[in-house]
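Asker: Requesting a structural model of the entry that follows:
(chains A and B)
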Amino acid sequence: MSRTLSIIYYGIKSYLRHKDVLFWVIAWPILWLLLVAYVFVPPTGGVEVRVAIIDCDQGLQSNVTAWTPLYSGEEVNLTNEVVSVFKQASGVKATYMVDVVGCRCSNKSSCRDYAKGLLIKKGYDIAVLVPENASEYYVNWIPVNLTVYIKASTPNEEYLGYGYALSPLFNLTMNSTLERIDRATEFVSNYTKYSTPSNVTYNMTGAEYSRYIRFFFYSIVFPVNPSIDIVKPRTMVDRPGVVGWTTIGAIGLALMTGLLTAGAGFFVFRSESGYLKRLLASSISLRKLLLIDLVENLIISLIVSAIIVAVGVAIGARILFNPLDPLHYIAVVFILLAALFAYGLGLLLAPITRSSRATGGATAIGLILVFLTGIWWPPKQMLPQPLRAFAYVFPPSCAFDVVRDIVVWGKSLVDTLWNMEAAIIGTIILYVIIALVYHSRLEKFAEKVLE
Amino acid sequence: MSTALLIVKDLRKVYSGGVEAVKGVSFSIEKPSLIALLGPNGAGKTTLLNMIVGVLPPTNGEVYVLGKNPWREREARRLIGFVPQELGIRGDLTVYENLVYIAAINGVSVSRARLRARELMESLGLFEYRNKLASKLSGGLKRRLSIAMSLIHDPQVLVLDEPTTGLDPGIRVEFIKMLKELVSEGKAVLLSTHISEDAEYCDEVIIMDKGVIVAKGSPEELKRKTVGLKTIVELVTGNPDKAVKVLKGGLDVKKKEDLVNVYLENAERELPRLFNILLSHGIEIYEARIRKPTISDVFLLLTGHPLEETSVG
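Answerer: Residues are numbered from 1 along each chain as shown, chains lettered A, B, ... in the order given. Sure thing, here's the model as predicted:
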């Protein structure tokens, strides 16, 4: 036993000395993890949208008081209102960086040129022109025409800019409409205290009449009131979840490439330095050596996984691990199961892998599988149908989903039963195939590589 | 079964492509000695050694090391140490780690492996490099490490595949001396080589060509049997082909590359006659060297082609 441990110990030591391997197995997945965590789901809240508010109204400091009887001495500055709705709209998807710039234009054409300069040269994504007397019109219930300029260097940018600009301005319009209705109906309520309008056909109190008028106006604003509930895959619900999901994906990226390559290179990695000959000439059997190599690689998988999880947690991943909860150890078992599958898949390629360079093919296969089975982005729910069906039964993908269900989403064992079954059954089938392929042929494969 | 150190019985290897690399080879090593397996590249030496040590399964034939067949009893492989041509060291482990690792592979206990590693590092001059990565060692040190790794489990038979290839002549001699020390410790050392000078230092030489053993014996014995007491006159002439044709009638002549080797019983007496024949046929003689026969001459006489020439198989 101590001899076997000695072989495993030195095997792992030698593995960890290969800087190129460490790059692909540790640095590369961590790089992707950081990319997702800081570029695609940054902690500050989505995309940064730069907005320029062109203030052709009376300037930020001077407010306007209404002269209509409906506003009783309240002061309004529309530029401030616009700035405010954009700032309030900052959230998970986008952070609005709002600047108020002076009015350096006098007519529609010069304003367009000015706004164009702001978008193209100054790097703004959206420019909103608040026209002259806008506050006065606004406070006195006269329609105000805001002009919104959107940078659209690409169709995608146009589409996104449209959404980013309209959403806050829609809120401004809607809120001010509702406020006006409330004020107007309040006015109606006060006047109907004293007389019922002649066109009211049945007896109503002033308050009832006022409420009726309010709902009537509301129905003009919202004839149909759609409520939008965005249903996202759980993967995308919140940042800790996204980073947690990605952390397990990064482990998948490391193991599916690293272990598939290790399995495929079982013969050639040893044969090129003459080491395979030395091993074949020794008293240890190739079968035992293969088993030791597998154990060695499973231990390496755990080390790599621990490093990636540590990085993931450090950058905000939700990874639940309670040492006293046996369920959480099942997650570890399924990481090993995925590693076992990847190594096994590599072993099937080993007899036809005749040089170290050829193991690059195994790495490529690992990468393709990682991207096409929902182990890494995109999640399997987002894959096109034939691939999605494959991803739902691909054992390592199922194994990593078990891990995610347990340590990221905190699900129970029953909730992840299908994934567990698929991962276990798939891995057993693979090893039955390996046993059939390798049965009494292990030495022959080695001989072929030496020839 | 005999307790000879090594018995090779009718070994034959046919590769999957149909090439018969070794065609029924038999020999034995009865006592600790240094034996050279001499032959040109492609003679089947590496294939033969690979079958002896357990790397390649023979198509036919058997191998016995101290009466045990390493192909039937895996444990018997502990009686053999093997130094592959590519050295078979792990560049990503240090000298010490390489030794302990391969000891574990060969079933040596960890405590024994540590002790033995230290002994071998000291005796082979590797101790000061013990913590250095094997990939950072010089070629000579790598070779020593490779031998140390083959000796870690204290085998009775050491097999080395082309260990002197690429070494300077001076270092080669030192290396052979080191192998002789192992013989004095009671081990049989079988090394393959295509360099005839290496064979001169060995106790016994097995000459192999085209997959078969051509001759076997001590260097002196082989020379006596094939060349006899003759002296070799090495001639550099204007037309070597014509010279061979002219001399062949009355003398023992062989062409070796551009040289003409003439084997004379009494060089002093026969040289003038030799020159006269060549000159009378208008063949110019640029140089004539008189020397003792070598293993290379033995090979040439036995196979009809020089050792450096690559044969098939």
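
Asker: Which helix runs longest in chain B?
Answerer: The helix that spans the most residues within chain B, counting by DSSP state H, is helix B:169-184.

Asker: Repeat that for chain A.
Answerer: When chain A is scanned for its longest helix (criterion: DSSP H), the result is helix A:155-191.

Asker: which is the next helix or strand following that helix?
Answerer: Using DSSP states H and E, the helix or strand that follows helix A:155-191 in sequence is helix A:206-221.

Asker: does chain B sit close to the helix or strand following that next one?
Answerer: Proceeding C-terminally, helix A:206-221 gives way to helix A:239-264 as the next helix or strand, assigned by DSSP H and E. No. Helix A:239-264 lies apart from chain B when judged by C-beta under 8 Å from any C-beta of the partner chain; the minimum separation is 14.1 Å. C-beta coordinates here come from the backbone N, C-alpha and C atoms, glycine included.

Asker: got the contact list for residue 103?
Answerer: Using chain A. Going by C-beta atoms under 8 Å, 6 or more residues apart in numbering or on different chains, A:C103 touches A:I54, A:D55, A:C56, A:E132.

Asker: The intended chain is chain B.
Answerer: B:A103 makes contact with B:V110, B:R112, B:A113, B:R116, B:A117, B:I152, B:H153, according to C-beta under 8 Å, 6+ apart.

Asker: Kindly recompute the last result at 10 Å.
Answerer: For B:A103, the contact set (C-beta atoms under 10 Å, 6 or more residues apart in numbering or on different chains) comprises A:3, A:6-7, A:282, B:109-110, B:112-117, B:120, B:149, B:152-153.

Asker: Next to chain B, which bits of the stretch 151-300 of chain A? Give me the list.
Answerer: By the rule C-beta under 10 Å from any C-beta of the partner chain, the part of the stretch 151-300 of chain A lying against chain B is A:270-285, A:288-289, A:292.

Asker: one more time with 6 Å, if that's ok
Answerer: Counting by C-beta under 6 Å from any C-beta of the partner chain, the residues of the stretch 151-300 of chain A lying close to chain B are A:S273, A:G274, A:Y275, A:K277, A:R278, A:L280, A:A281, A:S282, A:S283, A:I284.

Asker: and the two most separated of those?
Answerer: Put simply, by C-beta to C-beta the two of those set farthest apart are A:S273 and A:S283, 20.2 Å from each other.

Asker: Just read off the phi/psi values of B:Q85.
Answerer: Listed backbone geometry of B:Q85 is phi -60, psi -40, with angles given as degrees, to the nearest 10.

Asker: Around chain B, pick out the residues from the stretch 1-150 of chain A.
Answerer: Taking C-beta under 6 Å from any C-beta as the criterion, the stretch 1-150 of chain A approaches chain B at residues A:S2, A:R3, A:S6, A:I7, A:Y10, A:S14, A:R17.

Asker: Give the full set of residues in contact with the single nearest residue of chain B relative to chain A.
Answerer: Chain B approaches chain A most closely through B:E86 (2.8 Å), counting by C-beta to the nearest C-beta. With contacts taken as C-beta atoms under 6 Å, 6 or more residues apart in numbering or on different chains, B:E86 has the following neighbours: A:S273, A:G274.

Asker: element containing it?
Answerer: Under the criterion of DSSP H and E, B:E86 resides outside all helices and strands.

Asker: Just say helix, strand or coil for the residue nearest to B:R112 when sequence neighbours are not counted.
Answerer: Leaving aside its sequence neighbours, B:R112 sits nearest to B:A103 (C-beta to C-beta, 6 or more residues apart in numbering or on different chains; 7.5 Å). Three states are possible here, and by DSSP: H, G, I helix; E, B strand; the rest coil the one that applies to B:A103 is helix.

Asker: Can you tell me, leaving aside adjacent residues, what's nearest to residue 180?
Answerer: All of this is about chain A. Nearest non-adjacent residue to A:R180, counting by C-beta to C-beta, 6+ apart: A:W141, 6.4 Å away.

Asker: hm, I was asking about chain B
Answerer: Here the nearest residue to B:K180 in space, its sequence neighbours aside, is B:L34; by C-beta to C-beta, 6+ apart that works out to 5.7 Å.

Asker: continuing past the helix or strand encompassing B:N276, what's the next helix or strand?
Answerer: For B:N276, the host element (DSSP H and E) is helix B:267-280. Moving toward the C-terminus from helix B:267-280, the first helix or strand encountered (DSSP H and E) is strand B:285-291.

Asker: buried stuff in that next one?
Answerer: Burial within strand B:285-291, assessed by neighbour count using 16 or more other C-beta atoms under 10 Å in any protein chain shown, is assigned to B:A288.

Asker: tell me the angle that strand makes with helix B:267-280.
Answerer: Regarding strand B:285-291 and helix B:267-280, their directions subtend 160 degrees when assessed with axes from the mean of the first three to the mean of the last three C-alpha atoms, to 10 degrees.

Asker: Need the three-state assignment for the closest residue to A:K448 other than its chain neighbours.
Answerer: Beyond its immediate neighbours in the sequence, the residue positioned closest to A:K448 (C-beta to C-beta, 6+ apart) is A:P351, lying 6.7 Å away. Here A:P351 is recorded as helix under three-state DSSP.

Asker: Please tell me I have it right and A:P351 contacts A:K444.
Answerer: No. Judged on C-beta atoms under 6 Å, A:P351 makes no contact with A:K444 at a distance of 8.6 Å.

Asker: quick one: which of these two has more around it?
Answerer: Ranked by neighbour count (other C-beta atoms under 10 Å in any protein chain shown), A:P351 and A:K444 place A:P351 first, with 19 against 13.

Asker: Helices - which of the contacts of B:A103 land there?
Answerer: With helices taken from DSSP H, the overlap with the contacts of B:A103 comprises A:R3, A:S6, A:I7, B:V110, B:R112, B:A113, B:R114, B:L115, B:R116, B:A117, B:L120, B:M149.

Asker: what about the third one, neighbour count?
Answerer: The tally of other residues near A:I7 (other C-beta under 10 Å) stands at 23.

Asker: my guess is it contacts B:N106, does it?
Answerer: No. A:I7 is not in contact with B:N106 according to C-beta under 6 Å; the separation is 10.5 Å.

Asker: and the closest residue to chain B within the stretch 201-350 of chain A, what is it in contact with?
Answerer: When C-beta to the nearest C-beta is the measure, the stretch 201-350 of chain A has its nearest residue to chain B at A:G274, with 2.8 Å between them. Listed by C-beta under 6 Å, 6+ apart, the contact set of A:G274 reads B:P84, B:E86, B:L87, B:G88.

Asker: swap the cut-off to 8 Å and go again
Answerer: B:P84, B:Q85, B:E86, B:L87, B:G88.

Asker: and stretch A:390-401, which residues are buried?
Answerer: Neighbour-count burial for stretch A:390-401, counted by 16+ other C-beta under 10 Å, picks out A:F390, A:A391, A:Y392, A:F394, A:P395, A:P396, A:S397, A:C398, A:A399, A:F400, A:D401.

Asker: what do you get for stretch A:183-193?
Answerer: A:R183, A:A184, A:T185, A:V188, A:S189, A:T192.

Asker: Any figure for the gap between the closest residue to the fifth one other than its chain neighbours and A:V221?
Answerer: Beyond its immediate neighbours in the sequence, the residue positioned closest to A:S189 (C-beta to C-beta, 6+ apart) is A:S210, lying 3.5 Å away. Computed with C-beta to C-beta, to the nearest Å, the distance linking A:S210 and A:V221 is 17 Å.

Asker: With neighbour numbers in mind, choose between these two.
Answerer: It is A:S210, of A:S210 and A:V221, that has more neighbours when counted by other C-beta under 10 Å, with 20 against 13.

Asker: Could I get the full set of strands for the chain?
Answerer: I'll assume chain A. When assigned using DSSP state E, the strands of chain A occupy the ranges A:47-55, A:64-65, A:75-76, A:94-102, A:126-130, A:147-150.

Asker: Chain B, not that one
Answerer: Ranges of strands in chain B, per DSSP E, are B:6-14, B:20-29, B:34-38, B:60-65, B:80-83, B:157-161, B:188-193, B:204-209, B:212-217, B:231-237, B:252-256, B:259-264, B:285-291.
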